[in-house]
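Colleague: Attaching a predicted model along with its sequence, questions to come.
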Amino acid sequence: MLTVKQRPLMVDVIPHNRPLITPEDEQAVLAVLKSGHIAQGPEVEGLEADFVTMMGDGGACALSSGSASLFLALYGMGIGKGQKVAVPTYACSALLNAVYMSGGIPNVIDVTEDTFVLDLDRIDDQAPEAAAAIVVHCFGASADVKNLRDRGILVVEDCCHSIGGSPGRDGDVSVYSFHATKTITGGSGGLVWARSGKISEQIVDFRQHDCREKYIPRFNFQMSDIQAAMIRSQLSRLDEIASRRKHIYDLYKNALPEFLSVQVGLSGPSITPYRFVVQTEDQETRDRLQGHMSRHGVTTIVPIERYELLHRYLGLDAEAYPNAEKIVDTTLSLPLFPGLSDSEIDRILVALSNIQ
Ligand SMILES: *Cc1c(COP(=O)(O)O)cnc(C)c1O
């Protein structure tokens, strides 16, 4: 007879992220399914109106993804062939894709070593002729958009990590993503908000690809009403979601041992942390920390790996990007999402307090 001498440890592993979908979200989606109108329609229009209300003015255009939104933000601002667009190297490839789609040329800039956002001191040597910039509020930490605009640079604020609060109001255009891992989700989706109604009209025109009297190349980047209904339902809880994120962030920060630091720029009343990124002295400490968390059943990720840095993709000289090159070796992201249960949070706090 088979006897089990030792029961395996059956502690559930805490994932790095998990979408929080409430019965209200399910009802909102179900109502669209039952309505008979599931393509782009009244819910998409409603989402755009919600955004204009949230931002206080301007115009909004909902789209199929954050990537499509970055591209159309550049298009709407009139960025085209041969124009230079500054982008931070510590960001996802969606930024490069958008610049190339628009016909522009990316100018890749290093980031600051503690906030991970575009380093304004590098503009003069790394993007002296930039007509526009895509600025990422990295993991929720704000970049100084006003400074760029004062230099006469058109600014796309990439708010894919920073929906709500103060980010997104200083640039010419703001871009959002509703991908599954973002603060608000509809599975996928994106949106452009523009201060100028003229820019958002250009983007709305591009999206309306079919049945147009006068032909110019456009494209189907539409969002469905199924997605829009879920996104609107989540957006109506944004305050609740943001305060839960802030609460978890503060708990982790207080439990973190002194020899570890956390990304700078994520505290403050109008900031919602998207990630809790620990910064270690060196790669060995980071890897040990990842092993420690894993033994406690906590999934962590390296938020951006070295090979993903945009200057690496373009084969540029790595020595010109010392801060980003250091960040990829010394950072680790902990689970920070509103669907974490109190007992999961407690387990993460215990793991943090046991770090040696
Ligand atoms: C997610 C993300 C994007 C791309 O959005 P998709 O909806 O995945 O296309 C762009 N920029 C940043 C900073 C993101 O986090």
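Modeller: Perfect, I can see it now.
Colleague: surely M54 meets G165?
Modeller: No. Using Cβ atoms under 8 Å, M54 is not in contact with G165; the gap is 10.3 Å. Backbone N, C-alpha and C define where each C-beta goes, glycine included.
Colleague: now the strands for the protein?
Modeller: Assigned by DSSP state E, the strands in the chain fall at 59-63, 84-88, 105-109, 132-136, 154-158, 173-177, 190-194, 261-262, 276-279, 331-334.
Colleague: end to end, how far does stretch 187-202 reach?
Modeller: Stretch 187-202 has an end-to-end distance of 26 Å (Cα to Cα, to the nearest Å).
Colleague: contacts for that stretch?
Modeller: 47-48, 51-52, 55, 57-69, 72-73, 75-77, 168, 172-180, 203, 223, 227-228, 230-231 (Cβ atoms under 8 Å, 6 or more residues apart in numbering).
Colleague: Which members of these additionally contact the ligand?
Modeller: 65-67, 177, 179 (Cβ under 6 Å from any ligand atom).
Colleague: Of the residues you listed, which pair is most distant in space?
Modeller: S67 and H179 (9.3 Å; Cβ to Cβ).
Colleague: which of these two has more neighbours?
Modeller: Counted by other Cβ atoms under 10 Å, S67 and H179 do not tie: S67 has more neighbours, with 23 against 17.
Colleague: Next one: whichever residue of the chain sits closest to the ligand from Q83, what distance?
Modeller: The minimum distance from the chain to the ligand, using Cβ to the nearest ligand atom, falls at G66 (2.4 Å). Note on G66: its distance to Q83, by Cβ to Cβ, to the nearest Å, is 21 Å.
Colleague: So the two - more neighbours on which side?
Modeller: G66 (25 against 19).
Colleague: Just give the closest residue to that one, not the sequence neighbours.
Modeller: The shortest distance from G66 to any non-neighbouring residue, by Cβ to Cβ, 6 or more residues apart in numbering, is to S177 (2.7 Å).
Colleague: That neighbour touches A68, doesn't it?
Modeller: No. Taking contacts as Cβ under 8 Å, S177 lies outside contact range of A68: 9.6 Å.
Colleague: Give me the distance between G103 and V85.
Modeller: Per Cβ to Cβ, G103 is found 10 Å from V85.
Colleague: Mutual contacts of these two, please.
Modeller: I79.
Colleague: Same drill for the two, tell me which one is more crowded.
Modeller: Taking neighbours as other Cβ under 10 Å, G103 and V85 compare with V85 leading, 27 against 13.
Colleague: wait, what's in contact with the more buried one?
Modeller: Counting by Cβ under 8 Å, 6+ apart, V85 touches 74, 79, 99, 102, 104-107, 130-134.
Colleague: and if we set it to 6 Å?
Modeller: 99, 104, 106, 132 (Cβ atoms under 6 Å, 6 or more residues apart in numbering).
Colleague: isn't the second one right up against K81?
Modeller: Read it as G104. No. If you go by Cβ atoms under 6 Å, G104 and K81 don't touch, sitting 7.7 Å apart.
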